[in-house]
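In: here is my input, please return the structure:
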Amino acid sequence: MPRIATPLLTRPLGEALLAARDAGHATWQGSLDLDRRRETIALAADHWTWRGTDYPYPGKLKDRTLYWWDGDAFAPVSRYAGKLIKLVPTAWGVPTFEIDGIKMLPTAKESPLMDARRKVALVQPTGKTVLDTCGGLGYFAACCLDAGVAAIQSFEKNADVLWLRRLNPWSPDPDENGGRLRLTHADVSRAITTLPDAAFDAALHDPPRFGIAGELYALAFYQQLARVLRRGGRLFHYTGSPNKLTSGRDVPREVARRLQAAGFKAELALDGGAGDEALSPTPPCTPGSARAERAQRTFAMLFLAVSCLAFSTPSWTWNASSIRTCGGADVRTWVLRVSFSPLVAFSTTLSAALPFPAAPGSAAPFSTTRVSRYSPSTSGSVTSICPGPAARLGNGAATGATRPVAA
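Out: As a prediction, this is how the structure comes out:
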């Protein structure tokens, strides 16, 4: 995906070039790459020179529009293929983009790159392998690269957005980052099914709004995210609260419930504005609260995989519940209580193929048994499924019967 080398003009920049020429100046100093660097531009009566190439002075330019040299004239950085997609300048230098007039990145309080940096910091990407589900202009990827990510796999579905990236000096170029960034033109809702299990340490998920890309808010997609994350993996998911006042829907909490059903532990965090609600983080799995831009999309959510329990080796007790047949194999269902401290514990159930301790109180190294699924249970419900490949919980000795989880 080679970058397109072109000066980028706005109406104020075009006017500044003409004003400098009309004032009799031989040069003008400024930035024609969205404040990436400041350069000296040579001015002549009928043209100006940037990086060794001559360009004509632009005609009338519009506000809130970026222009690039298309070989014949300065044209808006936009495309229309059913929807108008355009790169939009900001006061911060770093541009945002719009689809049919809807701003896709927050810019009211800080640059979209700084906003991305705060969000990326929540997954602590240094030295990790990261999945970026909706690459957009690549600001998540840029922040991960700056933070020392080992590798980042980014997907972008829209070919026109990828074209914007080629013109945006702030978008990272896969060819310039030592192979650490892999950018794929694909629909992540389908491409994720081809990714191997436990391939990523962290994931960044900032999809378009629910009404545009509902499949990226679906339980099936969240289950795929849980599958490709390693034990201890972290997921950052940014969502909106569309039509909350008119429809009464609370999309963030709907999403939180689906994520929990997929095996994640969820935290909702806001910027603390008047009337906002937030769920307090539940230790020990959450690394801290996130602050979110409250302009277009007001909710930021940090979701940590249940597997973040891997931060320490838990103690555990169990109680035999029942024996059944699953796919022709004898399976015992166990009620398990895992404790990290006197204040932090959860109860859950698991199914394991025999042999396994036949009665409460008998000892066995728990790590020899593969657990098909485990999930926190706050309601006391029992989950009963067939055994299969998954993570190990760790070592421990059976200490006798614990408080059963009510069926």
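In: burial count for Ala108?
Out: Ala108 sits with 11 neighbouring residues when counted by other Cβ atoms under 10 Å. Yep, even glycine has a C-beta here, placed from its N, CA and C like the rest.
In: so it is in which element?
Out: According to DSSP states H and E, Ala108 maps onto no helix or strand at all.
In: now do Leu131
Out: Assessed by DSSP H and E, Leu131 sits inside strand 129-132.
In: give the buried residues for the very next helix or strand once past that strand.
Out: Proceeding N to C from strand 129-132, the next assigned helix or strand is helix 139-146, under DSSP H and E. Residues of helix 139-146 classed as buried by neighbour count (16 or more other Cβ atoms under 10 Å): Tyr139, Phe140, Ala141, Ala142, Cys143, Cys144, Leu145.
In: helices or strands up against helix 139-146?
Out: Packing partners of helix 139-146 (3 or more Cβ pairs under 8 Å, 6 or more residues apart in numbering; DSSP states H and E): helix 112-121, strand 129-132, strand 151-156, strand 181-185.
In: let's see it at 10 Å
Out: Judged by 3 or more Cβ pairs under 10 Å, 6 or more residues apart in numbering; DSSP states H and E, the packing partners of helix 139-146 are helix 112-121, strand 129-132, strand 151-156, strand 181-185, strand 200-205.
In: just put these in JSON lines and tack on mean pLDDT.
Out: JSON lines is the format used below for the helices and strands packed on helix 139-146 (pLDDT from 0 to 100):
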{"stretch": "helix 112-121", "mean pLDDT": "94"}
{"stretch": "strand 129-132", "mean pLDDT": "98"}
{"stretch": "strand 151-156", "mean pLDDT": "98"}
{"stretch": "strand 181-185", "mean pLDDT": "98"}
{"stretch": "strand 200-205", "mean pLDDT": "97"}
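In: of all those, which one is nearest Gly30?
Out: With Cβ to Cβ as the measure, helix 112-121 is the member of the helices and strands packed on helix 139-146 nearest Gly30 (20.3 Å).
In: stretch 168-184: end-to-end distance?
Out: 18 Å (Cα to Cα, to the nearest Å).
In: what of stretch 46-58?
Out: Taking Cα to Cα, stretch 46-58 runs 10 Å from one end to the other.
In: so for that stretch, what gets flagged as buried?
Out: Residues of stretch 46-58 classed as buried: Trp48, Trp50, Tyr55, Pro58 (neighbour count, 16+ other Cβ under 10 Å).
In: now stretch 203-220
Out: Ala203, Leu204, His205, Asp206, Pro207, Pro208, Arg209, Phe210, Ala213, Leu216, Tyr217.
In: in contact with the closest residue to the fifth one other than its chain neighbours, which residues?
Out: So that's Pro207. Of all residues not flanking Pro207 in the chain, Leu216 sits nearest, at 3.8 Å (Cβ to Cβ, 6 or more residues apart in numbering). Listed by Cβ atoms under 10 Å, 6 or more residues apart in numbering, the contact set of Leu216 reads 133-134, 157, 187-189, 192, 205-210, 222, 225, 237, 239.
In: same check, this time on Leu181
Out: Contacts here follow Cβ under 10 Å, 6+ apart; on that basis Leu181 touches 130, 132, 135, 138, 141-142, 144-145, 149, 151-154, 172-175.
In: is Leu17 located within a strand, as I assumed?
Out: No - assessed with DSSP: H, G, I helix; E, B strand; the rest coil, Leu17 is helix; it does not lie in a strand.
In: surely it meets Ala42?
Out: No - judged on Cβ atoms under 10 Å, Leu17 makes no contact with Ala42 at a distance of 11.0 Å.
In: the two: which is more packed in?
Out: Ranked by neighbour count (other Cβ under 10 Å), Leu17 and Ala42 place Leu17 first, with 23 against 13.
In: now do that one against Gly127, distance only.
Out: Look at Leu17 and Gly127: by Cβ to Cβ, to the nearest Å, they are 45 Å apart.
In: now Arg182
Out: 17 Å.
In: of the two, which one has the most company?
Out: Between Arg182 and Gly127, counted using other Cβ under 10 Å, Arg182 has the larger neighbour count: 14 against 11.
In: what sits opposite that one in the beta ladder?
Out: Arg182 forms beta bridges with Gln153, as assigned by DSSP bridges.
In: dump the residue contacts of it.
Out: With the criterion set at Cβ under 10 Å, 6+ apart, Arg182 makes contact with Asp132, Ala141, Ala151, Ile152, Gln153, Ser154, Phe155, Pro174.
In: coming back round to it: between the buried residues of helix 139-146, which sits nearest Ala256?
Out: Phe140 (21.2 Å).
In: quickly note the distance from that closest one to Val130.
Out: Remark: distance between Phe140 and Val130 (Cβ to Cβ) = 8 Å.
In: need the residues touching each of the two.
Out: What both Phe140 and Val130 touch, as defined by Cβ under 10 Å, 6+ apart, is the set Val120, Val123, Ile152, Ser154, Leu204, Phe236.
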